[in-house]
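K.L.:
Build me a model from this:
(one chain, ligands or ions: 1)
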Amino acid sequence: MLICYNYIMKNWLINKNVVVTGASSGIGKDITKILINKYNCFVVGVARNIDKLNDLKNSLGEQSNKFEFVSADVSKKEDWKKIKDFCNDKNITVLINNAGTMLPFTRADKVEDTDVERLFNVNFFSTIYGYKTFCEEFRKDKNCAIANIASVAAVTSLPGTSYYSASKSALCSFSKIIASEERKNFFIGTYLPGMTSTNLFTNKDNKKPVFDEKTGKLFNKFSTSSEKMAKKIVKCLAKKKRFKVLGKDAKLLKFLNSLMPIKSSDLYYNVMKKTKLSSFEDIF
Ligand SMILES: NC(=O)c1ccc[n+]([C@@H]2O[C@H](COP(=O)([O-])OP(=O)(O)OC[C@H]3O[C@@H](n4cnc5c(N)ncnc54)[C@H](OP(=O)(O)O)[C@@H]3O)[C@@H](O)[C@H]2O)c1
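P.N.:
Residues are numbered from 1 along each chain as shown. This next block holds a predicted model:
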């Protein structure tokens, strides 16, 4: 009986129809590949860049019929109507809110209000729109699920990332609370990755990249690969883990924060200043 229960618990994700936001790059792209290749899922990928979504479809070869995509801006409420309409006949039972963006490291007062709004619209409000778009349908089946991809930035305080960290903290609080409110209806998981090698730090939405080449190379040494992080996230979802910090660096940062909730931030500030890296110069 217990073996049977464990089998069902671990395999509930197989053959599901899933929406993955931010499927055109990085972690979302790798989550999509794992869901299709390992769990035999059908995936609707959401992102703005059609060429990248098309490239992903072509790269799937014989499995490409298990992937369809819709070009949408998840930060716009009206685009969720487009996503919902596209999914209308597809019996979607899992939503992975993964799309996200980051601003260059900058002291809070120097960041333009328009950039703050754009960041919160992508990282926080999109997950609210996603939840509200699917929650009514999902309440009809206990095997439905939402995974919200936050960041370790939600539980640490790195200077220069005030708005990114705040958007991910907001997402974390929201996600943990709706997970409790919906626990009798369907599953909601909150996952906090640490540093991962993706395009997040070079994306073209900002006037300048988050990292210059030198900083990028340095951070890559501590980063988890995108494939590995995606594997960890899918594993957590398959096991229905409600909350998980992922990656060695993330676990260390979370530990330091619990040990020194205020002082750790001052410590990072001093270390970042000493590095003299140009990616951090706007913090000081
Ligand atoms: N990389 C890390 O170190 C790290 C650490 C912790 C948490 N995370 C989180 O992990 C998630 C995935 O990021 P990543 O590292 O894989 O970065 P990435 O390679 O830059 O991927 C971001 C994805 O989000 C999509 N996206 C961005 N803005 C969008 C919008 N307005 N509408 C629709 N799609 C949008 C992008 O697609 P288009 O540009 O085609 O729209 C892209 O597919 C994010 O939520 C990020 O905050 C990353």
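K.L.:
Now do the lengthiest helix in the chain: which elements does it pack against?
P.N.:
Longest helix in the chain by number of residues (criterion: DSSP state H): helix 162-181. On a contact count with 3 or more Cβ pairs under 8 Å, 6 or more residues apart in numbering; DSSP states H and E, helix 162-181 meets helix 113-120, helix 126-138, strand 145-149, strand 187-193. Using the backbone N, CA and C atoms, a C-beta is placed for each residue, glycine as well.
K.L.:
Sketch out the low-pLDDT regions of the protein for me.
P.N.:
1-10 (pLDDT under 70).
K.L.:
Surely residue 48 touches residue 73?
P.N.:
Yes - using Cβ atoms under 8 Å, residue 48 is in contact with residue 73, at 5.6 Å.
K.L.:
sorry, back to before: spell out whether the longest helix of the chain and the ligand are in contact.
P.N.:
No - taking Cβ under 6 Å from any ligand atom as the criterion, helix 162-181 and the ligand are apart, separated by no less than 6.8 Å.
K.L.:
Same check on stretch 204-222?
P.N.:
No - Stretch 204-222 lies out of reach of the ligand by Cβ under 6 Å from any ligand atom, never closer than 6.7 Å.
K.L.:
And the contacts of that stretch?
P.N.:
101-105, 115, 118, 195, 197, 200-203, 249, 277-280 (Cβ atoms under 8 Å, 6 or more residues apart in numbering).
K.L.:
What subset of these is buried?
P.N.:
Buried members of the contacts of stretch 204-222, scored by 16 or more other Cβ atoms under 10 Å, are 101-105, 115, 118, 195, 197, 200-201, 249, 277, 279-280.
K.L.:
Any chance you could note which residues of the chain sit beside the ligand?
P.N.:
Going by Cβ under 6 Å from any ligand atom, the residues of the chain near the ligand are 21-22, 24-28, 47-49, 52, 73-75, 98-101, 122, 149, 151, 193, 195-196, 198-200, 203.
K.L.:
Narrow those to those that are buried.
P.N.:
For the residues of the chain next to the ligand, buried by 16+ other Cβ under 10 Å: 21-22, 24-28, 47-48, 52, 73-75, 98-101, 122, 149, 151, 193, 195-196, 198, 200.
K.L.:
three-state assignment of residue 245?
P.N.:
Of the three states, residue 245 takes strand under DSSP: H, G, I helix; E, B strand; the rest coil.
K.L.:
List the residues that contact it.
P.N.:
With contact set as Cβ under 8 Å, 6+ apart, residue 245 has these partners: 152, 155, 192, 194, 251, 254.
K.L.:
Adding neighbour count, write those residues out as a markdown table.
P.N.:
Shown next, in a markdown table, are the contacts of residue 245 (neighbours: other Cβ atoms under 10 Å):
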| residue | neighbour count |
| --- | --- |
| 152 | 23 |
| 155 | 19 |
| 192 | 25 |
| 194 | 22 |
| 251 | 14 |
| 254 | 17 |
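K.L.:
can you tell me which of these lies nearest to residue 161?
P.N.:
residue 152 (10.8 Å; Cβ to Cβ).
K.L.:
Among the residues of the chain next to the ligand, which ones are in helices?
P.N.:
Short answer: those in helices (DSSP H) are 26, 27, 28, 52.
K.L.:
ok, now how distant is residue 61 from residue 36?
P.N.:
Relative to residue 36, residue 61 is positioned 11 Å away (Cβ to Cβ, to the nearest Å).
K.L.:
which one of these two has more residues nearby?
P.N.:
residue 36 (20 against 7; other Cβ atoms under 10 Å).
K.L.:
The closest residue to the more buried one other than its chain neighbours: what's it in contact with?
P.N.:
Excluding its sequence neighbours, the residue lying closest to residue 36 (Cβ to Cβ, 6 or more residues apart in numbering) is residue 66, at 4.8 Å. By Cβ under 8 Å, 6+ apart, the residues touching residue 66 are 36, 40, 41, 42, 43, 60.
K.L.:
are any of those buried, and which?
P.N.:
For these, buried by 16+ other Cβ under 10 Å: 36, 41, 42, 43, 60.
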